[in-house]
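**Q** Here's my sequence, what's the structure:
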Amino acid sequence: MAKSSANTTIPNVGAMSEFVAPFDVPSKLTDEAYHVRFSHLWNGIATRHSDTIDTKFFVDGRAVVVGLAHTGFEKFLALRGRALTDREACFLAAEFLRERLEQEDERPLYDVSEQDVLRLADQRGIR
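**A** Below is the predicted model:
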């Protein structure tokens, strides 16, 4: 029996710094292009004393942290019956960062809500 695509995961394959390929984000306001490179993921609960899984990117060489609400991971597990992989979390963070940069919302730190974690997972087809 073929495995259902509803339970397919994006595996953690390769070096963490290669989980998300570099990408460019054109601003919807000025057509300026931001150059984004993923660095790594870590548990923000210990380092920032926040209930987040943190991801680090470089936007035009400047460090940016995107913190994904840990409660979003718990809710995903409850809804889907499986945990998000580290790589999937990185994709969600990259998508959130893309959305913000398209609007020229540049910050050194973004906190992504539980609702946005779930929305981005659905948007990316992560089930």
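**Q** Every contact and neighbour count from this point should use C-alpha atoms.
**A** Will do.
**Q** moving C-terminal of the worst-scoring helix or strand of the chain on mean pLDDT, what's the next helix or strand?
**A** Every helix and strand in the chain was compared by mean pLDDT, DSSP states H and E; the lowest is helix 44-47, with a mean of 67. Later in the chain than helix 44-47, the nearest helix or strand by DSSP states H and E is strand 52-59.
**Q** could you say what helices and strands the helix or strand that comes right after that next one packs with?
**A** Sequence order places strand 62-69 as the next helix or strand after strand 52-59, per DSSP H and E. Strand 62-69 is packed against strand 52-59, helix 86-102, strand 109-112, helix 114-123, with contacts defined by 3 or more C-alpha pairs under 8 Å, 6 or more residues apart in numbering; DSSP states H and E.
**Q** With just CA atoms, put strand 62-69 into CSV.
**A** Output of strand 62-69 as CSV, limited to C-alpha atoms (Å, rounded to 0.1, in the frame of the first residue of the first chain):
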residue,chain,number,x,y,z
ARG,A,62,22.4,41.3,8.8
ALA,A,63,21.4,38.7,11.4
VAL,A,64,17.7,38.1,11.8
VAL,A,65,16.0,35.7,14.2
VAL,A,66,12.6,34.2,13.5
GLY,A,67,11.1,32.6,16.6
LEU,A,68,8.3,30.0,16.0
ALA,A,69,5.9,29.6,18.9
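**Q** So what touches it?
**A** Residues from elsewhere that reach strand 62-69 (C-alpha atoms under 8 Å, 6 or more residues apart in numbering): 44, 51-58, 89, 93, 97, 107-114, 117.
**Q** Tell me which residues of it come out buried.
**A** Neighbour-count burial for strand 62-69 flags 63-69 (criterion: 16 or more other C-alpha atoms under 10 Å).
**Q** Kindly report the same for stretch 91-101.
**A** Using 16+ other C-alpha under 10 Å as the test for burial, stretch 91-101 gives 91-98, 100-101.
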